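**Q** Fold the following.
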Amino acid sequence: MSERIEPEGYVAAILLLIMIIVAFVNVVTRYLFYMSLAFTEEIEVAFFVWMTFLGIALAFKRGSHLAMVFLRDRLPVKKHLVLLGQVLSMILFVVVMYLTAKYVYLDMTIYHSTTMSLGIPMWIYTIGMPIISVVIILRILQATKREVVRNV
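**A** Residues are numbered from 1 along each chain as shown. Down below sits the predicted model:
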């Protein structure tokens, strides 16, 4: 059975590829030229956070979020607890979306903070969090709809 790869999977794969290339270049320059590229950590940390959020979205889409599977498989009243977990997750990511969007907005308009190594505006690194939070919320809605349809 062939599974379709979701858009989140492609984006995560591209981010992982970039992280691997950046880390490899840093290792090569460190051992061949005895100098480390400090900016690589900035890129890797930002992309790692984005990949984590993308993984959360994929887990909700596939119904394989660890907490959901753990509870669903072990508790007798499954459907209500799964729906409660999805509602609580939805609330969490609405709050995360709001707070990170507010942070991005303030950073773009008032703070104008930049990264230490490259001097890139911080909002470029953090803008992925509210965007991916929207994707997570949509995936939670899909999972909730799937759960409701299954239990009707």
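
**Q** In this structure, what helix or strand scores lowest on average pLDDT?
**A** helix 66-74 (a mean of 67; mean pLDDT, DSSP states H and E).

**Q** continuing past it, what's the next helix or strand?
**A** Remark: after helix 66-74, the chain's next helix or strand is helix 78-106, criterion DSSP states H and E.

**Q** Report the distance from the helix or strand that that following helix is followed by to the chain centre.
**A** Beyond helix 78-106 on the C-terminal side, the first helix or strand identified by DSSP H and E is helix 122-126. Averaging C-alpha positions (CA atoms, centre = their mean, to the nearest Å) puts helix 122-126 14 Å from its chain's average.

**Q** same deal with stretch 94-114?
**A** 17 Å.

**Q** One more: stretch 56-66?
**A** 11 Å.

**Q** Show me which residues of it are buried.
**A** 56-61, 63, 65 (16 or more other CB atoms under 10 Å). C-betas here are computed from N, CA, C, even on glycine.
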